[in-house]
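> the sequence and its predicted three-dimensional model are supplied below.
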Amino acid sequence: MSELFSKSRTSSYLEIPDWKKKGITAGITTRKGGFSQQPYDTLNMGFHVQDDYDLVLKNYERMENIIGIPARYWISSKQVHRTDVLEWDDSLNRDNITHPPNFELEYDGWMTNQRNVLLTGVFADCVPLFFRSEEWVALAHAGWKGTVKGMGPKVIDHFLTHQVPLEEIEVVVGPSISSRHYEVDHHVVQHIPFDMQTEDVLTRSDETHYYLDLKQLHKNLLLKKGLKEQQITLTNYCTYENEDLFYSHRRDQGKTGRMMAFIGFE
């Protein structure tokens, strides 16, 4: 499987260069090149963890300078492990965007057809989903709860509502925890749709536990929705394994920072 993400001109984020050629800025920050101190070292983008607020703000200012879209046009929300999607289109006043941190809105998906607006979400093992078509881009956050509730297919529904042909949509499943480090119990497994409890998604580790491949589960759900294999790309990056690049909630036992995934038309 070829890797769609590559290192950018700075160590502070990975980008999707194939989409860059199509006028879309999309990627995910790493933990490198920021100001935060241990255990959030160094480029923590999560305001809600117990990091120094001013240092996180400096991290955002650094990424604003790198990405080039003013932070006042960044969209964020409180992430609550549901499947609601915020659409930001030309009916909304872009000057009223509340840039991160925005804890008043509760969404785990974001979508826009506007230029120079950046959709953002923060992650540390959960799956970032990137979507593009000719006129719309979207970003979604999904842990196991959002995944089994069908976050990916629900974002596709929003594209279809805007008469985007299904065959025009591309999806990238971004850096997140890999199955070999994500052991779950029956409580989680019972929420996975029965027809999705396949060998490529679940591997039994003992009588009561399984290794869960969230990336593959997203792919299978999107295939069931009608997308084709060539429309879906899974990253090879694992947030748990690549400690030098990523924060991991599970590896770091909850005391860690957050990466920021982002997408927007240039």
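Thanks, I have the structure now.
> please count neighbours and contacts with C-alpha atoms only from this point.
Noted.
> what segments of the protein are helices?
Using DSSP state H, the helices of the chain run over residues 17-20, 53-67, 144-148, 151-161, 186-189, 214-225.
> give the contact list for residue 137.
Residue 137 sits next to 111, 112, 113, 130, 131, 263, 264, 265 when contact means Cα atoms under 8 Å, 6 or more residues apart in numbering.
> list the contacts of the spatially most central residue of the chain.
Closest to where the C-alpha atoms of the chain average out (Cα atoms, centre = their mean) is residue 128, at 1.8 Å. Contact analysis of residue 128 by Cα under 8 Å, 6+ apart lists 139, 140, 141, 142, 173, 174, 175, 176, 261.
> and what of residue 152?
Residue 152 is in contact with 129, 140, 218, 221, 222, counting by Cα under 8 Å, 6+ apart.
> name the member of those with the most neighbours.
Compared across the contacts of residue 152, residue 140 has the highest neighbour count, 29 neighbours, by other Cα atoms under 10 Å.
> adding pLDDT, write the contacts of residue 128 out as CSV.
CSV is the format used below for those (pLDDT from 0 to 100):
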residue, pLDDT
139, 98
140, 98
141, 98
142, 98
173, 98
174, 98
175, 98
176, 98
261, 98
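> list of residues touching the helix or strand of the chain with the lowest mean pLDDT?
Ranked by mean pLDDT, DSSP states H and E, the weakest helix or strand in the chain is strand 6-7, scoring a mean of 90. Strand 6-7 has contacts (Cα under 8 Å, 6+ apart) with 13, 14, 15, 16, 17.
> who's in contact with the residue nearest to residue 248 when sequence neighbours are not counted?
Spatial nearest neighbour of residue 248, excluding adjacent residues (Cα to Cα, 6 or more residues apart in numbering): residue 124 at 4.8 Å. Taking Cα under 8 Å, 6+ apart, we find residue 124 in contact with 176, 239, 246, 247, 248, 249, 257, 258, 259.
> pairing partners for residue 141 in the sheet, please.
In this entry, residue 141 is beta-bridged to residue 128, by DSSP bridges.
> low-confidence ranges in the stretch 1-150 of the chain?
Scanning the stretch 1-150 of the chain for pLDDT under 70 picks out 1, 90-97.
> do you have the strands of it handy? List them.
Per DSSP state E, counting those that start in this stretch, the stretch 1-150 of the chain carries strands over the ranges 6-7, 13-15, 24-29, 74-75, 85-88, 109-112, 118-123, 127-132, 137-142.
> residue 259 contacts residue 246, doesn't it?
Yes - assessed by Cα atoms under 8 Å, residue 259 is found in contact with residue 246 at 7.0 Å.
> so what sits against both of these two?
Residues touching both residue 259 and residue 246 (Cα under 8 Å, 6+ apart) are 30, 31, 124.
> would TSV of these with distance to residue 192 be doable?
Below are the shared contacts of residue 259 and residue 246 laid out as TSV (distance: Cα to Cα, whole Å):
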residue	distance to residue 192
30	30
31	31
124	22
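> perfect, that will be all.
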